[in-house]
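*Asks:* below: sequence and its predicted model.
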Amino acid sequence: MTDVAVVGGGPAGLSAALFTAKNGLDTVVFDTDGTWMHKAHLFNYLGIESEDGTAFVEDARDQVDGFGVDRRQGEEVQTVEQDGGQFRVVTDEDDLAIDYLVLATGANRGLAEELGCEFTDEDVVDVDVTMETSVENAYATGAMVRAEEWQAVISAGDGAAAALNVLTKEKGEHFHDFDTPADAE
């Protein structure tokens, strides 16, 4: 069974997938390649002096693939819904039951609305500091939660915050993801 489904393959979605998979959760990413990163050039991303957005996305995909993420390139999520204590994610090719859902679909908030997530007065998905929505175990990240204040490194941080909260819930204690030279790969 899949633990985490991430809908979206930009910085927020790939960041969430990286942290959950790296720390032992079975993770699937649905990536239709609609990320705005293909129109970007990164000068303002910590640790990157200058990189084309498409090259960045390709590097990020390689990194998550290296941690065993089931990345379903081109597979679009049609619907998401609560199903008991889980979520049901339906595509044209599959129907998955998952425990945690991370929505990282940029400014497209349709799936969050369909799921019944609350929205703010600015018409963005309402989340707490961990990026969890009003629907338990459903997270929204990046442009979905910001009114016209979008930036790649912020989106990646949103994805990481969601992943760390999922890991905290799974482990039953506050989770910290720090690699040290002895255990870094």
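*Replies:* That came through fine.

*Asks:* who touches the helix or strand of the chain with the lowest mean pLDDT?
*Replies:* Sorted by mean pLDDT, DSSP states H and E, the helices and strands of the chain end with strand 41-42, the least confident at a mean of 82. Residues outside strand 41-42 that contact it (CB atoms under 8 Å, 6 or more residues apart in numbering): 48, 50, 51, 52, 53, 56, 152. All C-beta atoms are positioned from the backbone trio N, CA, C, and that covers glycine.

*Asks:* what strands line up against that strand, and which way round?
*Replies:* strand 51-52 (antiparallel) (DSSP bridges).

*Asks:* what's the strand it pairs with in contact with?
*Replies:* 41, 42, 45, 59.

*Asks:* now stretch 144-160
*Replies:* Applying CB under 8 Å, 6+ apart, the set of residues contacting stretch 144-160 is 6, 10-17, 19, 36-37, 40, 42, 44-46, 53, 56, 102-109, 112, 120, 122-127, 131, 141-143, 177.

*Asks:* what about 7 Å?
*Replies:* 10-13, 15-16, 19, 37, 40, 42, 44-46, 103-105, 107, 109, 112, 122, 124-125, 127, 131, 141-143 (CB atoms under 7 Å, 6 or more residues apart in numbering).

*Asks:* now find how far off-centre the least confident helix or strand of the chain is within its chain.
*Replies:* Put simply, strand 41-42 sits 20 Å off its chain's centre (CA atoms, centre = their mean, to the nearest Å).

*Asks:* and stretch 47-59, by the same measure?
*Replies:* That offset, for stretch 47-59, works out to 18 Å (CA atoms, centre = their mean).

*Asks:* strands of the chain, start to end?
*Replies:* Ranges of strands in the chain, per DSSP state E, are 2-7, 27-31, 41-42, 51-52, 70-73, 77-83, 86-91, 95-103, 138-140.

*Asks:* out of those, flag the one nearest residue 164.
*Replies:* Evaluated over these, closeness to residue 164 peaks at strand 138-140, with 10.6 Å, by CB to CB.

*Asks:* and the helices in this protein, which stretches?
*Replies:* 11-22, 53-66, 110-115, 152-171 (DSSP state H).

*Asks:* right, and those - which one's nearest residue 135?
*Replies:* Going by CB to CB, the one of the helices of the chain nearest residue 135 is helix 110-115, 5.6 Å.

*Asks:* so what touches the closest one?
*Replies:* 7, 77, 79-81, 103, 105, 125, 133, 135, 138, 140, 144.

*Asks:* now with 8 Å?
*Replies:* 7, 77, 79-82, 101, 103, 105, 119, 125, 133, 135, 138, 140, 144.

*Asks:* where in this protein is pLDDT low?
*Replies:* 1, 149-150, 183-185 (pLDDT under 70).
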